[in-house]
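Make a model of this:
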Amino acid sequence: MVLKNLHRLSKLFQPVSVVPKNAEVKRHDITSKSQRLMLELGIIKQASPGCFHFLPLGVKSLEKLTSLVDEEMKKIGGQKIIFPTLTNAKLWEKTGRLETVSSELFQIKDRHDQSYILSPTHEEAASNLLASLSPISYKQLPLKLYQITSKYRDEMKPRFGLMRGKQFLMKDMYSFDTDIKTAKHTYDEICKSYDKIFRKIGIDFIKVVGSSGHMGGELSHEYQYKADVGEDKILTCTKCNYSANTEISGEEKCPNCGNNSVEIHLGIEVGHTFLLGEKYSKPLNATFLSKNGKLEVLQMGSYGLGLSRIMAAAIEVMSSEQEIRWPDILSPFSVIILPPKSGSKEEIHIQNSGLVESLYEKIETICNLKDNVLIDDRTNFTIGRRLLEAKRNGYPFIVALGKKILENPFLYEITNLKTNETIFLSENDLLNYLRNHLSSSSCDPDNK
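Model prediction:
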């Protein structure tokens, strides 16, 4: 059996490197294990300080995360668009943000001496889009517009790899409602959708009350992963479970119940939501036609997920110093198959049988694993060496065709990185094992 387009490790562009030998990245610049592991394992490659090439494994993981986000946004009526990367600086002048955050902005001028901003976020652009239309009717509301694009921030000191860079991939959504009450309802609905996204990723997260900062507005929440390299301090009350960024509540006592018994953790912010009200829509004249036939100002919300940061933060939280670990749903490949070493008894035993390709095809048919199986066809190396490399790369399930394929009936060796167990199974049992142990969202055709 010969199948086309099999994923073979020998053909994968994965420039593995040892960071200390890389002249472009000095050891003291590697400030987190996720950054080091992704560089060493050929998932990303630094282009310049704060800017990275996403290589095939990194892109594949990001595509899975993007697909997860798209699915959840569709369920709540989100409509995907793309705003221009360049935003006219005059819009930021009107909202007052050009002056307050100018040091973080990449600003350029075109040949006509017009000033533009390389957008870190698109509140002004979204409001201006609505303002440029004939007044929309209240019947068209709420509107939930989102995009997934690269954003830019002139970081003074880029660090932690993808977690604080000059360019990053972000999902940003902008909601528009008739009044603050319905805007709050939309805000809660989108927050619940974010809750579902983080639950499906499967890493414990904390939703905390956050600071509105330069964004403004009357309500703000952050989604945080606990991590030693986190730059935020999170207060959690041991009595009422209230959580907040210490930027708004200090570190001494709970602002909700006054309890002095609080815990402080470091966190990585991976998502942020804002109920903005008229902060941007009013100065940019974004209005709608009400039931009474009057023009009224749109009430706005803004919601961000740092997709490239989520990927890096997940690796930071889950990995050891030497081996990368992925959430099942974000792993570039879910299963890797290790054929026998070339010239071995096992290789001769299955020669010309098409066994590896047949197994590949059968695994692809279960649990939506199409395009999620990889063959390590570097059979000049021993299975033991390839097994160690597969573990270091964090593929959740490693299937090896070792000595037990000489037995009758022959058995496959499967290693489950999550449970750290290795067992021997027949083909049918192997397929059932994968079906039972893969993340439920992978096996659920409706992705509920």
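
what are the ranges of the helices in the chain?
Remark: helices assigned in the chain by DSSP state H are 33-40, 56-75, 89-95, 97-100, 123-132, 180-201, 246-249, 307-318, 345-350, 355-364, 383-393, 427-437, 440-443.

Which stretch among these is buried most, on average?
Among the helices of the chain, the stretch with the highest mean neighbour count (mean count of other CB atoms under 10 Å) is helix 307-318, at a mean of 25. Where you see a C-beta, it was placed from the backbone N, CA and C, and this is true even at glycine.

Roughly how far does Tyr395 sit from Asn420?
For Tyr395, the distance to Asn420 equals 14 Å [CB to CB, to the nearest Å].

so who does Pro15 touch?
42, 45, 55 (CB atoms under 8 Å, 6 or more residues apart in numbering).

Quick check: the last one touching Leu41?
No: proximity of Leu55 to Leu41 does not meet the contact threshold set by CB atoms under 8 Å, at 9.5 Å.

ok so, going back, okay, the contacts of Pro15 in a markdown table with neighbour count, distance to Ile203 and pLDDT next?
As requested, the contacts of Pro15 are exported to a markdown table (neighbours: other CB atoms under 10 Å; distance: CB to CB, whole Å; pLDDT from 0 to 100):
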| residue | neighbour count | distance to Ile203 | pLDDT |
| --- | --- | --- | --- |
| Gly42 | 18 | 23 | 97 |
| Lys45 | 17 | 25 | 96 |
| Leu55 | 18 | 23 | 98 |
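
Of the helices of the chain, which shows the lowest average pLDDT?
Among those, helix 440-443 has the lowest mean pLDDT, at a mean of 52.

can you map out the strands along the stretch 251-400 of the chain?
In the stretch 251-400 of the chain, the segments counted as strands under DSSP state E, counting those that start in this stretch are 262-277, 287-289, 295-297, 299-306, 335-338, 373-375, 397-400.

Restricted to strands, list the contacts of Pro15.
Among these, the residues falling in strands (DSSP state E) are Lys45.

any idea which of the contacts of Pro15 is closest to Val229?
Lys45 (20.8 Å; CB to CB).

one step back: nearest to Glu316, out of the strands of the stretch 251-400 of the chain?
That would be strand 262-277 among these, by CB to CB, at 7.0 Å.

Domains in the protein, by residue range?
Following automatic domain parsing, one finds the domains of the chain at 9-13+333-443, 31-318.

and for Leu55 and Leu41, which residues touch both?
Gln14.

low-confidence ranges in the chain?
1-4, 19-28, 439-448 (pLDDT under 70).

go again using 90 as the cut-off
1-5, 17-31, 100-103, 134-135, 211-218, 250, 351-352, 366-368, 408-409, 437-448 (pLDDT under 90).

Could you dump the domains of the chain into a markdown table and include distance to Trp326?
Formatted as a markdown table, the domains of the chain follow (distance: least, CB to CB, whole Å):
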| stretch | distance to Trp326 |
| --- | --- |
| domain 9-13+333-443 | 5 |
| domain 31-318 | 7 |
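
looking at the ones you listed, which is closest to Arg325?
domain 31-318 (3.9 Å).

mind checking the end-to-end distance for the closest one?
End-to-end distance of domain 31-318 (CA to CA, to the nearest Å): 17 Å.

Just give me how far it sits from the chain centre.
13 Å (CA atoms, centre = their mean, to the nearest Å).

nearest to Cys367, of the strands of the stretch 251-400 of the chain?
Closest approach to Cys367 among those is made by strand 335-338 (9.7 Å; CB to CB).

Not counting that closest one itself, show me its contacts.
With CB under 8 Å, 6+ apart as the criterion, strand 335-338 contacts 9, 356, 359-360, 363, 369, 372-376, 383, 386-387, 390, 393, 395-401, 434.

Run me through the strand neighbours of it, direction for each.
With DSSP bridges as the test, strand 335-338 is paired with strand 373-375 (parallel), strand 397-400 (parallel).

CA atoms only: put it into CSV for me.
What follows is strand 335-338, C-alpha atoms only, in CSV (Å, rounded to 0.1, in the frame of the first residue of the first chain):
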residue,chain,number,x,y,z
VAL,A,335,0.7,10.5,17.1
ILE,A,336,4.1,9.7,15.9
ILE,A,337,4.9,6.2,14.5
LEU,A,338,8.4,4.7,14.8
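
Tell me which residues of that strand come out buried.
Residues of strand 335-338 classed as buried by neighbour count (16 or more other CB atoms under 10 Å): 335-338.

a markdown table for those, including distance to Gly216?
Supplementary listing: the buried residues of strand 335-338 in a markdown table, determined by distance: CB to CB, whole Å:
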| residue | distance to Gly216 |
| --- | --- |
| Val335 | 47 |
| Ile336 | 48 |
| Ile337 | 53 |
| Leu338 | 54 |
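
Closest to Gln299 out of these?
Nearest to Gln299 among the buried residues of strand 335-338, with distances taken as CB to CB, is Val335, at 47.4 Å.

The closest one and Met311, how far apart?
Applying CB to CB to Val335 and Met311 gives a distance of 20 Å.
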